[in-house]
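Chemist: would you be able to build a 3D model of this:
(5 chains)
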Amino acid sequence: MTVADFQALSPLLVLAGGATVLMLQIAFVRSVSLTAALTVLTMALAALSCVHAAQIAPLQVTPLLQADSFALLFCVLFCIGGAATALLSQDYIRHHGDEPEEYFLLLMLSTLGACVLAYAVHVASLLLGLELLSVSLYALIAYPNKSILPLEAAAKYLVLSGAASATALFGFALLYAATGTLEFTALGQQLDNTQMGQSVLLVGAAMVFTGLGFKLSLVPFHLWTPDVYDGAPAPITGFLASVAKAAVFVALLRLFLDADLFRYRILVEITGFLAILSMLAGNLLALLQTNIKRMLAYSSIAHIGYLMIIFMACITSDNRNLASEAAAYYLVAYTATTIAAFGLLTLICAHQVERENVELHHISGLFWRQPLLGGLMLVAMLSLAGIPLTAGFVAKFYIFNAAVSGHNWVLLATLILGSGIGIYYYLRVVYYMTRRLEQHHVQPTVVVSWHAKALSCILIAGILLLGTMPQSLMAYLRSIL
Amino acid sequence: MTTLWLIPLFPLLSATLLVLSAGRMPRQLAALLGAGSVGLSAICVALVARTYLADGQVQELTLWTWMAVDNFTPRIAFYIDGLTVVMMSVITGVGFLIHLYSIEFLWDDESFCRYFAYMNLFVAAMLLLVMADNLLLLYLGWEGVGACSYLLVGFWYRDPDNGAAARKAFVVTRVGDTAMFLGLLLLYTELGTLDIQPLMAAANSQWQVGDTLPILATALLLGGAVGKSAQLPLHTWLPDAMAGPTPVSALIHAATMVTAGVYLIARNYELFLLAPPTLAAVAWIGLATLLLAGFTALAQHDIKRILAYSTISQIGYMFLALGVGAFASGIFHLMTHAFFKALLFLAAGAVIHCLHHEHNIFRMGGLRRRLPVVFWSFLIGSAALAALPFTSGFYSKDAILLSAWTLPGIGPWLWAGGLLGALLTGIYSFRLVFIVFFGEAHTEPDQQPGWRMSGALIVLCVLSLVGGWFALPLAGVLPDKDHAHVSHAVEFISIGTPLLGLLIAYLLFLGRQVSIASLAESPWGKALQDFWYSGWRIDKLYDALLVQPFKCLAHWWRNEPVDLFYNALVALSRWAHGRLITLQTGELRWYATSLVFGLVLLLAIMLRNAS
Amino acid sequence: MMESLFYIAALVALVATVAALTRSNAAHALIYLIVSLLAVAVLFFLMGAPFAAALEILIYAGAIMVLFVFVIMMLNLGETGDIRERQWLRPRNWIVPGVMAALLLLELLLALRHAPTLTSGVAVAPKDVGLALFGPYVLAVEIASMLLLAGLVGAYHLGRRFIVRREGRSN
Amino acid sequence: MSMVVLIGLLLVGGIAAWQLERIDANLPRWVALATVTLALLYLVSVIAEIPAESFKLTPDPGDGDSWLLHLKLAWIPRFGISLELAMDGLSLLLVILTLLLGLIAIASSWSEIDFKPGLFQANLLWTLAGVCGVFLAMDLFLFFTFWEVMLIPMYLLIAIWGHENRSYAAMKFFIFTQVSGLLMLLSIVILAWQGVATGGELSFSYFDLLGLHLDGRLAWIAMLGFFLAFTVKLPGFPFHTWLPDAHTQAPTAGSVLLAGILLKTGAYGLLRFCIPLFPEISMQFAPVAMGLGVAGVIYGAVLAFAQSDFKRLVAYSSVSHMGFVLLGLYAWNNLALQGAIMQMVAHGVSTAALFMMAGALQQRLHTRDMTRMGGLWQQAPRMGACAMFFAVASLGLPGLGNFVAEFLVLAGLFAVHPGFTAVAALGLITAAIYALWMMQQTFQGAPDEQRQMDDFHGREMLAMVAMILALLWLGLYPQPVLDLAQPVLDGLHGVVTPGEHLAQTMTAGTGQ
Amino acid sequence: MGGLQIPLEHVLLLAATLFSCGLMGLMLRRNIIFMLMSLEVMLNAAALAFVAAGARWQQADGQIIFLLILSVAAAEVAVGLGLVLQIQRRFKTLDMDQVNRLRG
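Modeler: You can find the predicted model right below:
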């Protein structure tokens, strides 16, 4: 390991070091504020260190990790996502769990896992990143002890996610048996030289895809999603829906790109097929939900469906840069939006111990009581619905471009259809939020701390900025791909 | 001629002022404005007419270009020739008298101002109609008078029946107007202009007599004329339009607006001459209408309805005249009809006014001595209507009948039909006189008409009597039939028929009255009377064929059938949601099974494609 | 001889696994599972992976399974649990899982049908493994440590409450 | 830059109105009024600076610099997207209409809104800004942005300040327009990438994409995307069903804006984008579009007659009237196009007035149900007179703007397709039926003597008189409007020529 | 130490069978402890496949992945068993069909 290697890995090192520091801090002083502050600080530092690391990127550090701009971009995203989650969690976890300090430690480890996934170019690092992310999440989901729903959610997630991991591993084992290598790029080179027959390769790849598709909650592997999202504490749901998904998606995309799995047309067509199913089923399932968390869970299924269009768009190799760009932009936009949406739910139920989920009528008139939160929700919903001037629209526009350029008409049609259905449930939230309140229908006031307010403002500004002035990010993405 | 634009402007201005006053103007002032403006117009018309009679020069005035798109450049411009002068004179002259009469008739009405506003607006629109130098401006006036007619028929808006009558008037005429609208489109598309004189020239140069296009175009124009002039088959609105105040009926539904169709055909006679089948249709429509309306008038009870049917019938004569090519005679009859029918309506109005709004003639009677001015007016009017010799109606109707006779081929048939109509006219008009003014009184009048009413009546009496001696300045403007050499026998029959009608009426209604009662009570007689009373059941027919189906359709569609499709989409989504959501059982084992299911599916697809 | 040992071990692993997953008594099942793991360890050994075989026995069978044992003992499920488990394992409940698993197995079998390759027969010595582990895979070790830390903290947080609660009750 | 200032002014005015509500509840409407007035004055000052002869020059549709105003700023170079605004006579006309109707809308909601008046006025102004943007944007991406963004404040107007069934109506409105909008986005993207495929740079500029040749199925897909989006907004049969609901449930100002200007964006889009971008295919498609137009004319009129809700009736009358626009646009000759443009303006005024009337009635009587009205003339003669005026305007009385529009449309259409013309002319009859039926049910008939009702006040009367004068002006001297649009149409005629297909239908229509 | 030449196919087949058994256990059992055990079986099957593949390529990588799987299994089981304890405490049952508040 050289100095350059350390520099390239500096985000990971900062996060891991931060985790150690946190552990020590907890051992000596239990203080939520301090832990939270340290967490946010560490993540900010990690995000900053990405800039440092970017100076020498791309650099492969051991066969496991590849520090390139693509990975670093997502590290920044995940660290910011983690920091936002930490900020949002502070009040929430104080009221919902005892000994809340380890929560932040787990969050840090989880973020580390996500970052590892972004770096991963090897089965081992993929496996470890995935599991680091997941194992921390099991604990995080089950963290609140005032309610039983988190337990149920964690148990479901653990069992199913474990099964999915095992499936993916088995698939990798088959690929390894056929090719003799665990590095993605080398794997791609060996695929055509194998003596074991194409069916093993295809089956292995399909099993890998199944495992990762489960984590992405693609239809038909989506059934767990609403239950887990619903039961998990709201900030963690946000983290799960944004950072965790983005990390897995990045890893999957990198696997496909590096190993050039796009050569198996049937595999890519299956991704397209599942994308269609996800778009339709996700939107249809969300249609009449009154529980906002579940609604957002279903909508996240749909959004992953939109995102999976990228894979089909990648079939023609000269379209891959555009498609990857689109994916990256989409993930950034989607992460910001999701954190905003779930952040709002966090703030609403932060002070209500007994309330784990938020029904539509709970947010009746929110816009009038808490204009800032209402505004945040409005922006988040519009962004999810893909209305121009929000990040979600530019992201969708990117997908449109990638898909049109890749001639994926059926997917586009489904995308439009799905978006059409989606408008209904997103706007229903807006409608409830802007309802005039009857006199007798008094909603409890929500106390919002100053840092949550600041975060809300930043998120609103971020989403709008990504939607109105996307050029700088686009240019950056274009330059690194 | 610079005063031309003043002619429609006076009433228009007056109408605007009356509208803007929002009903708060003192009655005296409103009356002065309302009648005075028409009077001023009449003076201007007189000036114009004098100039025209002096030199016979067509006068034109362009105010501004209405719109200019490509070569479509209709102007707001006036064209004054003999025909226009006649029409303007009738409109402003008779109009002024009726306005004068109205002041007294409606003095107690709360909407006095509104009334005069509408009336003035009407006069302005009617003037535009006759003065227009192009068909589009004519159409503006045409629709304008229709709208005013609607407003005035529904003037007493509290009674929904009046509203229904008004709407019927507007919608039925609109049917005709739409045909005319299409006619205008056809003319413009084919000939490239709507200015009447160039249009005629272009038609003459581009089309031959009997071509399809002129026939189509004139047929469409005829549609408009039929609607406005209450001819078959669009005549049904006029009797109902009697719901309006009586002076309105006099002005709009007798003297002026309803004759617009006649004017339209006369104005475009060169076009119609290119289309002999249309012209024949005009004649036949006129004949059929005059007979149908004549029979119907025989069976009515309502004094105004009788007059309304008689109007329809008389316009039938005008159409007959136009159809046989006697355009000038048609216009002549238009003028005399304006005089005597206005007189009749105003006299009827005076009766109604003095008898507390009584309309049923069988509740009147014996008014001869009680309302002498009215009686004499009515008598003179009826005489002119029945075309008794030396009244104005006699000259005009006689000219029409003789023109029909001279037409080769179908002429005698038309003549005979017209003669039958004349007989009917004699019967029903004197039936009215005898029942209302003779016999015993059923209702006592509580007032006498004042000087304005009486004055208007007297002037119109004079006009009805002497109107037949006017020489209309139509020579060279409109063609006419020469009937100097018609045999005396024919002339004699023509003169005698109305007298026969008078005699029959006398026998039936002023004599013993035995025969008519027994006739009416026989089954056949009763059926016939009912049939005629209902206007040959045409209203019912239209109701069953058009009105009800339309209402049914509207009712059937009222909840938006197209939405069924979208609602089905919504229902489909909801159904799919319901199906999918049942998969979310919350059971971990089932979730695991779905995972395996997906895996099995994926692997199956892979294996299928690998081999 | 050695080949037959391989197939015997494989059979044992298979049977023990099936038995482990179909027993109604958790403790019995666990024993079967340990047997299965031991058999797999034999396989590892036979395939020339002695290091893996050792770890399989030490960590898998030794450490992880013991965790299960602890939990089962702590929960003290007893006889009623067995009876309930037996009711849940009625034949009707077998159909779907059995069919799905069979289908999956069939598909994997079809896929592997064309893969007649031999394992090398040359052992990969623990030394090689160690060199690789602290050579190219050194970062994996580091990350694995973080993973274990996460597991540790998670287990601590979840388990602590149980213990605290138990103590509270006994007081 | 002036166009950016114009839109910015409205946006900032909206924010000001929103925030100033905290100081005084009456302030927002004054701010809104001032903003729109200011925008109008600013526009006038900008126009005054343009030399008069520029208005007579034919702008080249493919070259923004030949237009009255043109501005191009880089926005998203990655996709060749720029902040490109341009104004020609047509845009100018519609922007003026927008601002004037904005004033009317503010006037119509003057005393109606008591809940959050600041945000209400803000939404009003933002809608105006969005619509102005739609009329000025010449980058398709920017156009789409404005197209969608104007929906949000409109949605909020309906969803927050609407009537009893506002949730359903607002949702329907949004879903219809949004889904069709996405189809348009698809078409836009297809078009842009086709530009790349034919060797150009990726660009979303109208001026770059005009004249692009697409082949076969792709062209049809792209054209239909545009067509659907615009037809839904227009609204054309059978995509109109959102409109009666949205109109009925919207607050008065919302209905005025919707009917007055939002619908015009659909017509504008067809004229500016759909047909010129796909000239040949649009002309092949014309018979279908015209068929939809005719169906809309008749269907809307019949359904208008069937309604008992005042606003619903007016809404269906809009469907009927906008059918004429569709007819005029696809007849694609000068007369018909001028007619369509006139119809956009005239319908904007007349329907806005009718909705204002409906709002006034609802405010006074707390119902829109016409069966519960009747004889209102007695209590409110001024209202009655105004209603009568706009009723006859809406049935196409000559001398008023709507007639000029309908006549020109049908005159143009007659040359192309006499059959459609004849059927569409039936709409004139049905229009008379519903318009007069509306008058009968509301202002005529026996009055309820118990009822107390205020007549129009000065402010309302002022708005009404303004609209009456506007319609009279349009009806008697429409030349300024025609002159403003003529050069634009001349330019477009260079791009689109009625195809052979149309000529065939023409001969088929007249010959057989 | 020598190894045995065994058809890789057979080892993989055994691993596949074990994997299928694990999945079947997951679908079959309602008791969460058995579910966790099934999970272990599946992970173990994957590990077996990796070791076999490593043996086929004479690489240490297979065994290293096995090692990593081992740590994964340990971490998962640790958290999983913690959850089991909590579930038993709060739900008074280990039957996952009854731990079913979240659905729909």
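
Chemist: from the rest of the structure, what touches the helix or strand D:Leu6 falls within?
Modeler: Assigned by DSSP states H and E, D:Leu6 falls within helix D:2-20. The contact list for helix D:2-20, computed with CB atoms under 8 Å, 6 or more residues apart in numbering or on different chains, reads D:27-29, D:31-32, D:34-36, D:38-39, D:42-43, D:46, D:69, D:71, D:83, D:85, D:87, D:95, D:118-119, D:121-126, D:128-129, D:132-133, D:136. The way it works is simple: take the backbone N, C-alpha and C, and place the C-beta from them, glycine included.

Chemist: in chain E, what residue is nearest chain B?
Modeler: E:Arg103 (2.8 Å; CB to the nearest CB).

Chemist: burial measure for that residue, as a count.
Modeler: Close neighbours of E:Arg103, defined as other CB atoms under 10 Å in any protein chain shown, add up to 16.

Chemist: report the contact partners of it.
Modeler: A:227, B:584-587.

Chemist: go on, D:Leu258?
Modeler: D:Leu258 neighbours (CB under 8 Å, 6+ apart): D:154, D:243, D:246-247, D:250.

Chemist: where's it relative to D:Ala352, distance?
Modeler: 9 Å (CB to CB, to the nearest Å).

Chemist: can you check B:Ala342 too?
Modeler: 43 Å.

Chemist: next: B:Ala592.
Modeler: 61 Å.

Chemist: for chain E, give me the ranges with low pLDDT.
Modeler: E:1-3 (pLDDT under 70).

Chemist: how many other residues sit next to the residue in it positioned nearest to chain D?
Modeler: Using CB to the nearest CB, E:Gly104 is the residue of chain E that sits closest to chain D, at 22.6 Å. Number of residues near E:Gly104 (other CB under 10 Å) recorded here: 14.

Chemist: the bottom helix or strand of chain C by mean pLDDT?
Modeler: One helix or strand of chain C scores below all others by mean pLDDT, DSSP states H and E: helix C:78-88, with a mean of 74.

Chemist: is it anywhere near chain E?
Modeler: Yes. Counting by CB under 8 Å from any CB of the partner chain, chain E is contacted by helix C:78-88 at C:81, C:84-85, C:88.

Chemist: before we move on, back to that, now the buried members of the contacts of D:Leu258.
Modeler: D:154, D:243, D:246-247, D:250 (16 or more other CB atoms under 10 Å in any protein chain shown).

Chemist: and the residues of helix C:78-88 next to chain E as TSV, adding neighbour count?
Modeler: Formatted as TSV, the residues of helix C:78-88 next to chain E follow (neighbours: other CB atoms under 10 Å in any protein chain shown):
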residue	neighbour count
C:Gly81	20
C:Arg84	17
C:Glu85	23
C:Trp88	17
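
Chemist: mind telling me the two of those residues farthest from one another?
Modeler: C:Gly81 and C:Trp88 (10.6 Å; CB to CB).

Chemist: find residues that contact each of these two.
Modeler: Joint contacts of C:Gly81 and C:Trp88 (CB under 8 Å, 6+ apart) are E:Asn31.

Chemist: anything in the helix or strand hosting A:Met207 near chain C?
Modeler: Assessed by DSSP H and E, A:Met207 sits inside helix A:198-215. Yes. Residues of helix A:198-215 are located near chain C by CB under 8 Å from any CB, namely A:199-200, A:202-203.

Chemist: mind checking how far the residue of the stretch 201-350 of chain A found nearest chain D is from chain C?
Modeler: Residue of the stretch 201-350 of chain A nearest chain D, by CB to the nearest CB: A:Glu325 (8.6 Å). In this view, A:Glu325 and chain C are 29 Å apart by CB to the nearest CB, to the nearest Å.

Chemist: please apply the same query to B:Ala527.
Modeler: For B:Ala527 relative to chain C (CB to the nearest CB), the value is 84 Å.

Chemist: for B:Ser37, give me phi and psi.
Modeler: Taking degrees, to the nearest 10, you get phi -60, psi -40 for the backbone angles of B:Ser37.

Chemist: leaving out chain neighbours, which residue sits closest to it?
Modeler: B:Ser14 (3.6 Å; CB to CB, 6 or more residues apart in numbering or on different chains).

Chemist: for chain A, which residues are neighbours of chain B?
Modeler: A:155-156, A:159-160, A:163-164, A:167, A:197-199, A:202-203, A:205-207, A:209-210, A:213-214, A:220-221, A:223-224, A:226-227, A:266-267, A:270, A:281, A:284-285, A:287-288, A:421.

Chemist: and residue 103, how many neighbours?
Modeler: All of this is about chain A. A:Tyr103: 30 neighbours (other CB under 10 Å).

Chemist: switch to chain C, that's the one I care about
Modeler: 18.

Chemist: I'd say it and B:Leu601 touch.
Modeler: No. Using CB atoms under 8 Å, C:Leu103 is not in contact with B:Leu601, being 9.6 Å away.

Chemist: quick check: phi and psi on the residue nearest to B:Ser229 when sequence neighbours are not counted?
Modeler: Distances taken as CB to CB, 6+ apart place B:Gly261 nearest to B:Ser229, at 3.0 Å, with adjacent residues excluded. Dihedral angles of B:Gly261 (phi, psi; degrees, to the nearest 10) stand at phi -60, psi -40.

Chemist: same question, D:Ser82
Modeler: Taking degrees, to the nearest 10 as the convention, D:Ser82 sits at phi -130, psi 160.

Chemist: and B:Asp480, by the same measure?
Modeler: phi -140, psi 170.

Chemist: repeat for A:Ala67
Modeler: phi -100, psi 90.

Chemist: count of residues packed around the closest residue to it other than its chain neighbours?
Modeler: Of all residues not flanking A:Ala67 in the chain, A:Ala8 sits nearest, at 3.6 Å (CB to CB, 6+ apart). Other residues within reach of A:Ala8, judged by other CB under 10 Å, total 28.

Chemist: over to D:Asp483?
Modeler: By other CB under 10 Å, neighbour count at D:Asp483 equals 15.

Chemist: which ones are touching it?
Modeler: D:55-56, D:89.

Chemist: can you tell me the element it falls in?
Modeler: helix D:479-495.

Chemist: in that helix, which residues are buried?
Modeler: For helix D:479-495, by 16+ other CB under 10 Å, it's D:481-482, D:484-489, D:491-493.

Chemist: quick check: which of those residues are also close to chain B?
Modeler: D:482, D:486.

Chemist: off-centre distance for stretch D:325-340?
Modeler: Centroid separation for stretch D:325-340 versus its chain: 15 Å, with CA atoms, centre = their mean, to the nearest Å.
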